[in-house]
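Chemist: Build me a structure from this.
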Amino acid sequence: MALYPQARQSVAGYVNEVPDGDPTAYIAASREAARTVAAQAPVEVVERVTEIDADGVRCRLYQPAGSTGVVVHLHGGGFVFHDIDVHDAVARRLANRTGAAVLSVDFRRPPEHRFPAAPDDVDTALAWLEREGQRHGVAGPWFAHGDSAGGNLALVAALRNPGRFDAVALTYPFLDPGAGFDSYRTAAAGFDPEEAAWYWRQYAAEPADLTNPDLAPLLSGSLATLPPTLVVTAEHDPLRDEGEELARRLAELGVVVTATRYLGQVHGFWRHVDVFDAAEPLTRQIAAHFNQHG
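Modeler: Coordinates of the predicted model:
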């Protein structure tokens, strides 16, 4: 099918600016630009928002009125970009739609901090939540959500901590450093496969990491341990097929899994509710998944 009009407009403005040489200046400028744009975006009111030091990992806890349960949210950005400030608006929407507290985790990013710094930070935040959550008015059920690279980290967190989460939701997860699926050649609208490869090069500390299941979770032998899982893909996204392959494998293993492909959409649409009409329905689908399994 064709790109929908909003997606066509987004693709028309896409420029792949991945640098050939030292990425330091490019990364710093891109991070700052994303924070500037995010600071200008309208945000929803959440009853209580608290800055958290989770044993050295910066987090932000969003608690809507009467919240029950907690969503651990892991932001996208190719592991390299974005942070909890860039994802402030979507974390607020997630809290308000789910009615659960949301703990947004500011994990360390490459190339300054390569694998396994990010999943290790997520584990640190989970241990803090286990120990200190009730003191902050947070109790189970526990859920995990991530978009893109954050989807990778949410999946890895659930695999590293079997039985910890009651449900997981993965929004167009970034899973395959080998780029071995057809969608890299047939559906790469607005997300150049070379950009995806560049992210993996920044993330991995050494070539062997690219086959470590904590980096490439499709290689995990523990997928059957996952709780009920929602996998969302976008039709025009090079990551589409790897997300749908994950869902297929989970179904074959007997995991309760729901897979939804958003037609006409491109990678990244979920975060931009002011641009894509599909962003809000997806947020409500994530909320429904968690409420069903909480």
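
Chemist: Tell me the secondary structure of residue 264, please.
Modeler: strand (DSSP: H, G, I helix; E, B strand; the rest coil).

Chemist: Setting aside sequence neighbours, what's the nearest residue to it?
Modeler: Counting by C-beta to C-beta, 6 or more residues apart in numbering, the nearest residue to residue 264 once its immediate chain neighbours are dropped is residue 4, at 3.2 Å. Glycine gets a C-beta too; all of them are placed from N, C-alpha and C.

Chemist: and residue 167, what are its bridge partners?
Modeler: Applying DSSP bridges to residue 167 gives these bridge partners: residue 143.

Chemist: That one contacts residue 231, correct?
Modeler: No - using C-beta atoms under 8 Å as the test, residue 167 is too far from residue 231 to be in contact (12.0 Å).

Chemist: residue boundaries of the strands in the stretch 101-250 of the chain?
Modeler: Secondary structure of the stretch 101-250 of the chain (DSSP state E, counting those that start in this stretch): strands at 101-105, 142-147, 167-171, 229-236.

Chemist: can I get those strands in a markdown table with mean neighbour count and mean pLDDT?
Modeler: Formatted as a markdown table, the strands of the stretch 101-250 of the chain follow (neighbours: other C-beta atoms under 10 Å; pLDDT from 0 to 100):
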| stretch | mean neighbour count | mean pLDDT |
| --- | --- | --- |
| strand 101-105 | 29 | 98 |
| strand 142-147 | 29 | 98 |
| strand 167-171 | 29 | 99 |
| strand 229-236 | 25 | 98 |
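
Chemist: And for the residue lying closest to residue 128 once chain neighbours are set aside, the neighbour number?
Modeler: Taking C-beta to C-beta, 6+ apart, and ignoring the residues beside it in sequence, residue 128 has residue 54 as its nearest neighbour in space, at 3.7 Å. Number of residues near residue 54 (other C-beta atoms under 10 Å) recorded here: 21.
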